[in-house]
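Chemist: sharing a sequence plus its predicted fold:
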Amino acid sequence: MLVTDHSVPAAPEYHCGTRMQETRSNEESTDESECTPSFRTWLVPSSFKPVGVNLQLEGQVRPENAHEGRHSLVRRPMTLGPCWSRVTVVPVGKARKDGAEYLKKIVNLGSERLHFASILPTEVQHLVKVVKFLVTYQEDESEEEPKLKYERLSNGVTEILQKDAASCMTVHEKFLALGTHYGKVYLLDVQGNITQKFDVSPVKINQISLDESGEHMGVCSEDGKVQVFGLYSAEEFHETFDCPIKIVAVHPHFVRSHFKQFVTGGKKLLLYERGWMNRWKPSVLHEGEGNIRNVKWRGHLIAWANNMGVKILDMISKQRITNVPRDDISLRPDMYPCSLCWKDNLTLIIGWGNSVKICSVKERHASEMRDLPNRYVEIVFQFDTEFYISGLAPICDQLVILSYVKEISEKTEVECCARPRLDIVQPLPESCEEISSDALTVRGFQENECRDYHLEYSEGESLFYIISPRDVVVAKERDQDDHIDWLLEKKKYEEALMAAEISQKTIKKHKILDIGLAYINHLVEKGEYDLAARKCQKILGKNTELWEFEVYKFKEIGQLKAISRYLPRRDPVLKPLIYEMVLHEFLESDYEGFATLIKEWPGDLYNNTIIVQAVVDHLKKDPQNRTLLQTLAELYTYDQRYGRALEIYLTLRHKDVFQLIHKHNLFSSIRDKIVLLMDFDSEKAVDMLLDNEDKISIDRVVEELENRPELQHVLFKRDHHKGQRYHEKQISLYAEYDRPNLLPFLRDSTHCPLEKALEICQQRNFVEETVYLLSRMGNSRSALKMIMEELQDVDKAIEFAKEQDDGELWEDLILYSIDKPPFITGLLNNIGTHVDPILLIHRIKEGMEIPNLRDSLVKILQDYNLQILLREGCKKILVADSLSLLKKMHRTQMKGVLVDEENICESCLSPILPSDASKTFSVVVFHCRHMFHRECLPVSNTVSSVQFCNICSAKHRGPGSAVLEMKK
């Protein structure tokens, strides 16, 4: 039975993320068997507990050592879900040996592992239960894109590290400076080519420092030598100390004369300043807390680390403003050195052991100063990492952390060195969020310690250099080309295409067209033919060659139908053969699809004659196929053979026949097909014929419909005025097919012969129509008699009498009704407003019983009273209106009339006013505004003294023509 071996230490807790990436090189050939861990840590659902296995659950963390791939530079781990736990499976005894071996084999077996698992020994079957569940996920590569890409710094660096080992390096935006264990300093370009070499010391170079201009360099070595010199000048400083000098840092602006300063660190932190006569003056900044391990100078602030912690000095005030003690004092400071990095002039990042602190330098308020420095430091972020920190660098608002990793060997059960990790994390107030994590396979990583790794970076280009004794790896932020590479690798072609379109001006490696073609091929391989065809529109654009190539490719796989809907029809236009090939494909297997393409595609895309012949050949096999016949008609239309198309449409009784006639003006072709059109759709046919009388006359239409009177009636019913010559014929048609509309027709028509109409109506005993015709012919008495005798309808008789408004008709109606009590009642109820009721009442015989007589008499009286009231009301209104108008006229006539020089005499046409105002004159002004000189008015022959305007009197006499006389 297997149990968990508690003697094996549990894996450390992981705080900063959930995924990991390994980088390996094909150049590596080291034996890793000694570094294989003695147990495996797997990731399984928290609820998964196979029988016979003691599972040690340690929270939601990443899987360790989940990949053993050796053939790619970068391998991605599996994607983790939110409900997974780390499981440590530790076999013991014989099962320890066999179980570990079987685990390793099963992981590497790939698709054969299930068969292999079935023949495992009984004592390790429980391990297989775990492995079978896990390896499925182990093979899945992460769907999250890496943030960085890696490459080794080669060329001259490879040559150097074959004979020597790197001890330190510093980065300038123009070049690199590499120090070695043999005391050499090499200046390199960014590709790793050697540009200059300095023999500084026979022993290890501990530190290289450059000013911001890159013109001055400081170097210190293990034998106590310190050199500061100009790369392009003769300026130089040499000093040899009696102890190893671990660090040197020149002032960032050393190139300026008043900033000739640098610091060195051994047992003391010394500041060297060049003074009078170019002499260098040293001063002790700090001592007494062990060796100085690291120094970083930024602006006016110097940060350094010794055995006790990290200090910051303000060079302006020459005051130390903070002391940040190290957290884990159990770690040897020489084996696990402190990493310092200035993010900006006021933000310092400290990494020591597995602790990270981000410190911000702030100004102290004046009220708080007293004896304190004017600046202080606040730790804004602090968190722990899983592994030991070898280097730090900022990237935007995130951090790049180089970590030293140890693991337990599976064989020897001793701790050994693993691949270093480069993590990108997002700092949080008390923790961090891992953005990416990469395991780096550097040369000789099994022999390296934490102090052997260094991380340097170039601020301007976001380049990160991982330095180890035998290797220098450059990490770069991935650009858009790398992003597209990753998308293509993951077969995310659509996203890759979109990214390329957005960044088409910046990408250098990829072309949008190439990505698009790869996308189409991918969709075809997956069997998504319709989507692939749809994407052709966007990707292929107007490239006819590519279009034709893709069409042939779709033909080879039997998917021409899929691409048919997306073929270009205008700009560009492909070769006719392409469209014909697609049409033939549909014609062989899908008549409906063939018909749809013929409707949608312009007729000039293909050779119409070839397609017509193909359709005709198919019709020989199936002559009654409506789809093919209709399609053939459309093809004839494209070919301007409208006559044949019309014949097919009429045979099929197709709704588009009228559109075809209108569109192509085929009226001359339908002169002998009017009956067919009327039978198909009489309303549309009539509309078309009547709207195009100039092309087909009504006479011709009537002639064609001679044997179909019902169709003639449909023709005339639309507008009977169109056929005025045929009104006599229309009477018979209405009488035969549309009796309800006969009377309206007779009333509306002014061209129908009344005698003929009367004859037809009398023959068919159409009483109402006969009554109307008799009255229209002036025989009102006969019409009234027919109403009374035939219809026996007193109300209609009364209505007829009212319409005619003839006293003799009323007399005849009274005489006819006098011996019919119901008729008398009807007359009493309706006659009151047209004939004096007394005439009727006097003629009623005594003793005759009349239904509802009382009500009728009351109604007569009410009608009489109503008439009296109406007359009185009208009289009042008339009198009131007359009085109002009289007053208005009086007010108008009482107003003055303007007479000036512009007015003329209506008789002599000279100015009405004399030019000499002192002379006596007499002017007559009428209310109609006509003016006369008194002497110009003719003498009135009437006795009345009232004069009237001659002009207006010639038209009429009335109010407003009276005279207004002016004298002076």
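Modeler: That came in fine, so what should we check first? Residues are numbered from 1 along each chain as shown.

Chemist: stretch 275-295 spans what distance, first to last residue?
Modeler: Taking CA to CA, to the nearest Å, the first and last residues of stretch 275-295 lie 23 Å apart.

Chemist: which of the residues in it are buried?
Modeler: Counting neighbours by 16 or more other CB atoms under 10 Å, one finds that the buried residues in stretch 275-295 are 285, 286, 291, 292, 293, 294, 295. (C-beta placed from N, C-alpha, C; glycine too.)

Chemist: which residues does it contact?
Modeler: Applying CB atoms under 8 Å, 6 or more residues apart in numbering, the external contacts of stretch 275-295 come out as 237, 246-249, 263, 265-274, 302-308, 311, 313, 320, 333-334, 337-340.

Chemist: what about the helices in the stretch 851-968 of the chain?
Modeler: 853-894, 950-955 (DSSP state H, counting those that start in this stretch).

Chemist: which one of those helices lies closest to residue 696?
Modeler: Among those, the nearest to residue 696 by CB to CB is helix 950-955 (56.7 Å).

Chemist: average pLDDT for stretch 184-197?
Modeler: Looking at stretch 184-197 alone, the average pLDDT works out to 92.

Chemist: what's the first-to-last distance across that stretch?
Modeler: In stretch 184-197, first residue to last residue: 7 Å (CA to CA).

Chemist: break the protein into its domains for me.
Modeler: If the domains of the chain are taken from the TED database, they occupy 153-292, 478-572, 573-804, with pieces of a single domain joined by a plus sign.

Chemist: mind putting the ones you listed in TSV, distance to residue 893 included?
Modeler: Converted to TSV, those look like this (distance: least, CB to CB, whole Å):
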stretch	distance to residue 893
domain 153-292	108
domain 478-572	82
domain 573-804	46
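
Chemist: who wins for proximity to residue 938 among these?
Modeler: Once those are compared by CB to CB, domain 573-804 is nearest, at 53.1 Å.

Chemist: next, the distance between the ends of the closest one.
Modeler: With CA to CA applied, domain 573-804 spans 78 Å between its terminal residues.

Chemist: stretch 287-295 now?
Modeler: Its start and end residues considered, stretch 287-295 measures 14 Å (CA to CA).

Chemist: what about that stretch, distance to the chain center?
Modeler: Mean C-alpha position of stretch 287-295 versus that of the full chain (CA atoms, centre = their mean, to the nearest Å) differs by 61 Å.

Chemist: same deal with stretch 202-214?
Modeler: How far stretch 202-214 lies from its chain's middle: 56 Å, per CA atoms, centre = their mean.

Chemist: average pLDDT for it?
Modeler: Along stretch 202-214, the predicted confidence averages to a pLDDT of 92.

Chemist: in CSV, list the C-alpha atoms belonging to that stretch.
Modeler: C-alpha atoms of stretch 202-214 as CSV (Å, rounded to 0.1, in the frame of the first residue of the first chain):
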residue,chain,number,x,y,z
PRO,A,202,43.5,39.3,-14.1
VAL,A,203,40.6,38.4,-11.8
LYS,A,204,36.8,38.8,-11.8
ILE,A,205,35.2,42.0,-12.8
ASN,A,206,32.6,42.8,-10.2
GLN,A,207,30.8,45.8,-11.6
ILE,A,208,30.6,48.1,-14.6
SER,A,209,29.0,51.5,-14.5
LEU,A,210,28.2,53.9,-17.3
ASP,A,211,27.0,57.5,-17.2
GLU,A,212,23.9,58.4,-19.2
SER,A,213,25.9,59.8,-22.1
GLY,A,214,27.8,56.5,-22.5
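
Chemist: contacts for it next, please.
Modeler: Contacts for stretch 202-214 (CB under 8 Å, 6+ apart): 167-170, 172-175, 177-185, 216-223, 231, 244-255, 262.

Chemist: what of stretch 609-622?
Modeler: With contacts defined as CB under 8 Å, 6+ apart, stretch 609-622 is touched by 580, 583-584, 587, 598, 625, 628-629, 631-632, 635-636, 639.

Chemist: now restrict the residues you listed to buried residues only.
Modeler: Applying a neighbour-count criterion of 16+ other CB under 10 Å, the buried members of those are 580, 583, 584, 587, 598, 628, 629, 631, 632, 635, 636.

Chemist: measure residue 883 to residue 895 for me?
Modeler: Here the criterion is CB to CB, to the nearest Å. By it, residue 883 lies 20 Å from residue 895.

Chemist: before we move on, what about residue 395?
Modeler: Going from residue 395 to residue 895 by CB to CB gives 99 Å.

Chemist: and those two? which has more neighbours close in?
Modeler: residue 395 (19 against 7; other CB atoms under 10 Å).

Chemist: contacts only, for that one.
Modeler: Shown in contact with residue 395 (CB under 8 Å, 6+ apart): 424, 462, 464, 477.

Chemist: the residues you listed, buried ones only, as a PyMOL selection?
Modeler: A single PyMOL command suffices to select whichever of the contacts of residue 395 are buried according to 16+ other CB under 10 Å:
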select buried, resi 424+462+464
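
Chemist: which one of the contacts of residue 395 is nearest residue 154?
Modeler: Compare each of those with residue 154 using CB to CB and the shortest gap goes to residue 464, at 16.8 Å.

Chemist: pull the residues that contact the helix or strand hosting that closest one.
Modeler: Taking DSSP states H and E as the criterion, the element that holds residue 464 is strand 463-468. Contacts with strand 463-468, where a contact means CB under 8 Å, 6+ apart, come from 148, 153, 166, 168-169, 171, 176, 190, 391, 393, 395, 400, 402, 420, 422, 440, 442-445, 448, 452-458, 472-476.

Chemist: which of the contacts of stretch 609-622 fall in strands?
Modeler: Judged by DSSP state E, those include no members of strands.

Chemist: just put those residues in a markdown table and tack on distance to residue 700.
Modeler: As requested, those are arranged in a markdown table below (distance: CB to CB, whole Å):
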| residue | distance to residue 700 |
| --- | --- |
| 580 | 43 |
| 583 | 41 |
| 584 | 45 |
| 587 | 41 |
| 598 | 35 |
| 625 | 35 |
| 628 | 34 |
| 629 | 29 |
| 631 | 33 |
| 632 | 30 |
| 635 | 31 |
| 636 | 26 |
| 639 | 29 |
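
Chemist: out of these, who's nearest residue 865?
Modeler: For those, the nearest to residue 865 is residue 629 (80.1 Å; CB to CB).

Chemist: before we move on, back to that, which among the contacts of strand 463-468 end up buried?
Modeler: 148, 153, 166, 168-169, 171, 176, 190, 391, 393, 395, 400, 402, 420, 422, 440, 442-445, 448, 452-458, 472-475.
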